[in-house]
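J.: need the 3D shape of this:
(chains A and B)
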Protein chains: 2
Amino acid sequence: MKKIIITIIGLGHIGGSLASSLKKTYGDKISLIGIDQKPSTIKIAKQSNFFLEVSTLKKSNNIIDSRIVFVATGIHDMAKIFSDLARISFNNRIIVSDVGSIKVDIFKQALKILPKHYDFVGGHPIAGTEKIGFKNLVTDLFKDKPVFISGIRAKKDSVKLIKEIWNRLGGHVYLVSPEQHDKIFAHLSHLPHVLAFGLKNISNKSLTRQEISKYGGTSYKDYSRISMSSEQLWSEIFLSNRKNLAKGIKNFRRYLDKVERLLMTSSKEELKKLLKS
Amino acid sequence: MKKIIITIIGLGHIGGSLASSLKKTYGDKISLIGIDQKPSTIKIAKQSNFFLEVSTLKKSNNIIDSRIVFVATGIHDMAKIFSDLARISFNNRIIVSDVGSIKVDIFKQALKILPKHYDFVGGHPIAGTEKIGFKNLVTDLFKDKPVFISGIRAKKDSVKLIKEIWNRLGGHVYLVSPEQHDKIFAHLSHLPHVLAFGLKNISNKSLTRQEISKYGGTSYKDYSRISMSSEQLWSEIFLSNRKNLAKGIKNFRRYLDKVERLLMTSSKEELKKLLKS
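T.: Predicted coordinates for the structure are as follows:
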């Protein structure tokens, strides 16, 4: 049987972890092609020995033989990547998938840009951390993590294959619509990141660096870890999911107003009730 | 040499952990008296064998021989406890200390209520978690944790003794004024808790229980852990530190306004800058 060739575009923390996890799980049954723009990333990806070829998108010799292309770049680069992919004459019916944190925008771009004979299966493993870069890749990163399949224009077999891969990597696969996905993650991920960045922001203004690093307890450290995330990545996510996020922020502002009022009126029982709800 | 008798009033998570840590560190050099109001707590504290006596404040036979009384109750019970302590004729010059999360209010109450010949040394180990109750005590809870000594009306020797105890339990002891303490922890602890409670609050309204439990990633789980904290305890802390906290909330609201405006105007570079600051 011929080896399945899988291409990963964007060899950051998620792309790198995906490569490593795929290699560990499928071994010689697959060949991986790694694509990145940065020479330094290409260099360390080559040293990993996960890949048959590591190259830029333009210079890759083997990408035309891919069965699947995972796009693991920043969200704002995806439209450009889709355009580049649209120009390649793949030797197989190609499946394009992604790992982006928002789904409505990406699916829209995919429908608009990718040729009809390409299968598209949107994906989002809930596995990001504050870490970035190929050098911080984690084998088994997706073990026991939720993985969303969201935004599909593909043959059933292609969807099945993508689902099977995430399952084999240990993920728990869920299918939801892009709209539902983006609403859920506005609350479970994007708003929490807005809050963590904000706390850092305000503490940095009100306290000295020494006070923060010396005296922060467990909860502050959790926030601090979250706010170490890449502002490049998160500003793109926030903007791509702006409507849902703005709604969350509006609700949050309303909650803060309530807390403030209850503080000022010393309403202990009502405050307790609010905290419990 | 006579054993030092140390009383702990309030056998919750912190009081229990303090008892266990003191026993482990000082062994037979100290005797502990445990005081609580709840019969069920008294019962399990007795079974722990940390204590010479476990009882209510009124019924304790041995408390008059204490060298130190640590008050580890909720903040709003402290004034009442101080009044009760003021009526006891201790056989030694007594040191009253506490472990409360705010210091201005507690110090004020101590100065007002405790007789002049009592030494008062306010304290705050930064060691709380979402856990509550004696049954969840953690030996070595204070190891490598910051411990604040804040709000002092005492002889030098008494301050030295309290400092020494926290040092022996592994804490890093810092002396700051109650005002400075409350300002610092409005940002490093109280505001983070307001935010975590708020996120839970809003998610519970916008998403199903199943969506939250199934799909939450690492960051949401951190928030979720923090928001499992006792609303009784935290509403008291928030109210006791209302001025500093209200200031923090005001700043936070201003930050959210800025985020919302940048989302609506698609100002990616400015948003990135804000997240980074």
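
J.: tally of neighbours for the residue nearest to A:Ala79 when sequence neighbours are not counted?
T.: Take A:Ala79 and drop its neighbours on the chain: the residue closest to it by Cβ to Cβ, 6 or more residues apart in numbering or on different chains is A:Gln109, 4.7 Å away. Every C-beta, even on glycine, is put in place using the N, C-alpha and C of the backbone. Residues within reach of A:Gln109, counting by other Cβ atoms under 10 Å in any protein chain shown, total 21.

J.: can you tell me the SS state at A:His181?
T.: Look at A:His181: counting by DSSP: H, G, I helix; E, B strand; the rest coil, its state is helix.

J.: where's it relative to A:Ile152, distance?
T.: As for A:His181, its distance to A:Ile152 is 12 Å (criterion: Cβ to Cβ, to the nearest Å).

J.: interface residues of the stretch 51-200 of chain A facing chain B?
T.: Counting by Cβ under 8 Å from any Cβ of the partner chain, the residues of the stretch 51-200 of chain A lying close to chain B are A:126-129, A:145-146, A:148, A:172, A:174, A:183-185, A:187-189, A:191-199.

J.: apply 10 Å and report the result again.
T.: Within the stretch 51-200 of chain A, the positions adjacent to chain B are A:76, A:101, A:125-130, A:145-146, A:148, A:172, A:174, A:176, A:180-181, A:183-200 by Cβ under 10 Å from any Cβ of the partner chain.

J.: sitting in strands, which of the residues you listed do you find?
T.: A:Pro125, A:Pro146, A:Phe148, A:His172, A:Tyr174 (DSSP state E).

J.: what's the neighbour count on the fourth one?
T.: A:His172 is surrounded by 16 other residues when neighbours are defined as other Cβ under 10 Å.

J.: contacting residues for it?
T.: Neighbouring residues of A:His172 by Cβ atoms under 10 Å, 6 or more residues apart in numbering or on different chains: A:Ile126, A:Phe142, A:Lys143, A:Asp144, A:Lys145, A:Pro146, A:Val147, A:Phe148, A:Trp166, B:Lys214, B:Tyr215.

J.: please apply the same query to A:Gln37.
T.: A:Ile9, A:Gly10, A:Leu11, A:Thr56, A:Leu57, A:Lys58, A:Thr73, A:Asp77.

J.: likewise for A:Leu175?
T.: A:Phe148, A:Ile149, A:Ser150, A:Ile152, A:Val159, A:Lys163, A:His181.

J.: ok so, going back, buried ones in whichever helix or strand the residue nearest to A:Ala79 is part of?
T.: Here A:Gln109 sits within helix A:104-113, counting by DSSP states H and E. Along helix A:104-113, these residues count as buried under the neighbour rule (16 or more other Cβ atoms under 10 Å in any protein chain shown): A:Val104, A:Asp105, A:Ile106, A:Phe107, A:Gln109, A:Ala110, A:Ile113.

J.: and those residues, which is closest to B:Thr265?
T.: Of all these, B:Thr265 sits closest to A:Asp105, with 17.4 Å by Cβ to Cβ.

J.: now do the strands in chain A.
T.: A:4-9, A:30-35, A:51-55, A:68-71, A:95-98, A:119-125, A:146-153, A:172-175.

J.: so how far is the third one from its chain's centroid?
T.: Going back to what we said before, that points to strand A:51-55. 22 Å (Cα atoms, centre = their mean, to the nearest Å).

J.: and if you look at the second one?
T.: The chain centre lies 19 Å from the centre of strand A:30-35; the measure is Cα atoms, centre = their mean.

J.: roughly how far is the lengthiest helix in chain A from the heart of the chain?
T.: The longest helix of chain A (DSSP state H) is helix A:242-264. Its chain's C-alpha centre and that of helix A:242-264 lie 26 Å apart, by Cα atoms, centre = their mean.

J.: buried residues in that helix?
T.: Of the residues in helix A:242-264, those buried (16+ other Cβ under 10 Å) are A:242, A:244-249, A:251-253, A:255-256, A:258-260, A:262-263.

J.: stretch A:71-78: which residues count as buried?
T.: Residues of stretch A:71-78 classed as buried: A:Val71, A:Ala72, A:Thr73, A:Gly74, A:Ile75, A:His76, A:Met78 (neighbour count, 16+ other Cβ under 10 Å).

J.: TSV please, covering these and showing pLDDT and distance to B:Lys3.
T.: Listed next are the buried residues of stretch A:71-78 as TSV, based on pLDDT from 0 to 100; distance: Cβ to Cβ, whole Å:
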residue	pLDDT	distance to B:Lys3
A:Val71	98	70
A:Ala72	97	64
A:Thr73	96	67
A:Gly74	93	65
A:Ile75	93	66
A:His76	92	68
A:Met78	97	70
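
J.: so which of those are in helices?
T.: A:Met78.

J.: which one of the buried residues of stretch A:71-78 is nearest chain B?
T.: A:His76 (8.0 Å; Cβ to the nearest Cβ).

J.: separation between the closest one and A:Gly10?
T.: According to Cβ to Cβ, A:His76 and A:Gly10 sit 12 Å apart.

J.: how about A:Ser150?
T.: 19 Å.

J.: shouldn't A:Gly100 be in contact with A:Ile14?
T.: Yes. The criterion here is Cβ atoms under 10 Å, and A:Gly100 meets it with A:Ile14 at 9.5 Å.

J.: between the two, point out the one with more neighbours.
T.: The neighbour count for A:Gly100 versus A:Ile14, taken as other Cβ under 10 Å, is higher for A:Ile14 (28 against 25).

J.: check contacts around the more buried one.
T.: Applying Cβ under 10 Å, 6+ apart, the residues near A:Ile14 are A:8, A:70, A:72-73, A:99-101, A:124-125, A:127-129, A:131-132, A:134, A:137-138, A:141-142.

J.: try it again at 6 Å.
T.: Residues near A:Ile14 by Cβ atoms under 6 Å, 6 or more residues apart in numbering or on different chains: A:Ala72, A:Val99.

J.: next one: A:Phe51
T.: Residues near A:Phe51 by Cβ under 6 Å, 6+ apart: A:Leu32, A:Gly34.

J.: pretty sure A:Ile102 contacts A:Leu239?
T.: No. Contact between A:Ile102 and A:Leu239 fails when scored by Cβ atoms under 6 Å: they sit 9.3 Å apart.

J.: looking at these two, which is more packed in?
T.: A:Ile102 (27 against 20).

J.: roughly how far does the more buried one sit from A:Phe185?
T.: Counting by Cβ to Cβ, the gap from A:Ile102 to A:Phe185 is 7 Å.

J.: many thanks, have a good one.
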